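Asks: 3D model of this:
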Amino acid sequence: MKTLELQDAIGSLAEYVRAVGQEPVIVSLKGKPVAALISIENADWETATLSTNPEFLALIRRSRIRQEKEGGLSSVELRRRLAQASKGLTRHASDRRQKRGGG
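Replies: Purely as a prediction, here's the structure:
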């Protein structure tokens, strides 16, 4: 990992971004880390913006706390419930078509 003291950062941003391809660059101010340049080559825009959005991160934190306190559904149970719900929706749509004579 490369480190760079902010007062010594005299290169262009492009120069430091190119260096990130090999390893993260940690920027420090008076010896304390304040920023990091890291590669996100496999991320799309949505992932990159959500992973740094304070409101989204707070929502995730609240959800995790609630999950710990109250529990939740397993992925198996959620899939089972969704399958039941979709069957119900399909059946109702079919019933409406039959009532209209659409078969």
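
Asks: show me what counts as buried in stretch 42-54.
Replies: By neighbour count on 16 or more other Cβ atoms under 10 Å, the buried set for stretch 42-54 is empty. C-beta here means a position set from N, CA and C on the backbone, and glycine is covered the same way.

Asks: now it, how far from the centre of its chain.
Replies: With Cα atoms, centre = their mean, to the nearest Å as the basis, stretch 42-54 stands 6 Å off its chain's centre.

Asks: quick one: mean pLDDT for that stretch?
Replies: Average pLDDT, stretch 42-54: 89.

Asks: ok, residues contacting that stretch?
Replies: The contact list for stretch 42-54 (Cβ atoms under 8 Å, 6 or more residues apart in numbering) reads Ile40, Phe56, Leu57.

Asks: grab the nearest non-local neighbour of the first one.
Replies: Think Ile40. Excluding its sequence neighbours, the residue lying closest to Ile40 (Cβ to Cβ, 6 or more residues apart in numbering) is Ala48, at 5.5 Å.

Asks: and the next helix or strand past the helix or strand hosting that neighbour?
Replies: Per DSSP states H and E: Ala48 is located in helix 45-50. Following helix 45-50 in sequence order, the next helix or strand is helix 54-70 (DSSP H and E).

Asks: buried residues of that next one, list them for me.
Replies: Neighbour counts using 16+ other Cβ under 10 Å place no residue of helix 54-70 among the buried ones.

Asks: start the count at 12 instead of 1 going forward.
Replies: Okay, residue one is now 12; in that scheme the one you just asked about reads as helix 65-81.
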